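Engineer: Kindly generate the corresponding structure for this input.
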Amino acid sequence: MRETILQLGAGRFLRAFVDRFVQHANDAGQDVGRIVVVQSTPGRRAELLRNPDGYSVLIRGYDNGELVNRDENVRSISRALVAEESWPEILEFAVATDLRYLITNATEAGYSLHESDTLESAPPVSMPAKLTRILWERFQSRGSPLVILPCELIEQNATKLLEIVV
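Structural biologist: Numbers count the residues shown, from 1 in each chain. Next up is the predicted model:
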């Protein structure tokens with residue numbers, strides 16, 4: 001299956017929400033594609049996400065009045081890259097013809113530029129600067145437009161992200 005989604009963020013919210021929904025869509029035959037995850041913070045998360053068997057999400061709650069308590073396997077991630085180690089590979093994917101969607105998730109503190117961020121930073125520190133560079137590379141390559149889905153739990157997240165990137 002093609003890689004069509006670039007995801008800036010590897011946290012629990014995206015893994016249990018977006019990545020799981022992509023898995024459901026693919027399982028239903030919608031061929032949404034696979035996800036390339038970019039991890040910005042230090043740690044082993046990217047390494048763990050490289051498991052070809054995917055990972056489990058525990059689903060608890062009620063569905064039509066019935067108690068639900070089950071594990072769902074998520075295998076929608078094809079690659080997980082650490083920005084500091086794989087920036088050239090990330091920029092290479094940014095211009096891929098199959099890329100259609102870009103998903104972001106950063107904390108409120110991550111919704112600002114870092115003083116050291118420049119277009120030449122490899123990689124930039126902040127998520128908005130990473131996004132700006134990715135979009136610049138895509139523009140320079142004359143790539144098709146991307147659907148950008150900001151998933152930050154911040155009021156008017158898309159408007160704020162647009163202002164920062166511009």
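
Engineer: send the alpha carbons of the top helix by length along the chain over as PDB?
Structural biologist: Using DSSP state H to define each element, the chain has its longest helix at helix 127-140. Coordinates of the C-alpha atoms in helix 127-140 are reproduced here as PDB (Å, rounded to 0.1, in the frame of the first residue of the first chain):
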ATOM      1  CA  MET A 127       6.900  21.800  14.500                       C
ATOM      2  CA  PRO A 128       5.700  24.900  12.600                       C
ATOM      3  CA  ALA A 129       9.300  25.400  11.200                       C
ATOM      4  CA  LYS A 130       9.400  21.700  10.200                       C
ATOM      5  CA  LEU A 131       6.100  22.100   8.400                       C
ATOM      6  CA  THR A 132       7.200  25.300   6.700                       C
ATOM      7  CA  ARG A 133      10.300  23.500   5.400                       C
ATOM      8  CA  ILE A 134       8.300  20.500   4.200                       C
ATOM      9  CA  LEU A 135       5.800  22.800   2.400                       C
ATOM     10  CA  TRP A 136       8.700  24.800   0.900                       C
ATOM     11  CA  GLU A 137      10.300  21.700  -0.500                       C
ATOM     12  CA  ARG A 138       7.000  20.500  -1.900                       C
ATOM     13  CA  PHE A 139       6.400  23.900  -3.500                       C
ATOM     14  CA  GLN A 140       9.900  24.000  -5.000                       C
END
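
Engineer: Name every strand pairing with the very next helix or strand once past it and say which way it goes.
Structural biologist: The first helix or strand that comes after helix 127-140 along the chain, using DSSP states H and E, is strand 147-150. Within its sheet, strand 147-150 is paired with strand 101-104 (parallel), according to DSSP bridges.

Engineer: Do you have the helices of this structure handy? List them.
Structural biologist: 12-16, 18-27, 45-49, 83-94, 127-140, 157-165.

Engineer: elements contacting the longest one?
Structural biologist: Translated: helix 127-140. strand 3-8, helix 83-94, strand 101-104, helix 157-165 (3 or more Cβ pairs under 8 Å, 6 or more residues apart in numbering; DSSP states H and E). Placement of C-beta: from N, CA and C, glycine included.

Engineer: Point me to the residue sitting farthest from the middle of this protein.
Structural biologist: residue 65 (33.0 Å; Cα atoms, centre = their mean).

Engineer: what angle do the longest helix of the chain and helix 83-94 make?
Structural biologist: Going by axes from the mean of the first three to the mean of the last three Cα atoms, to 10 degrees, helix 127-140 is angled at 30 degrees with respect to helix 83-94.

Engineer: And helix 127-140, what's buried?
Structural biologist: 127-135, 137-138 (16 or more other Cβ atoms under 10 Å).
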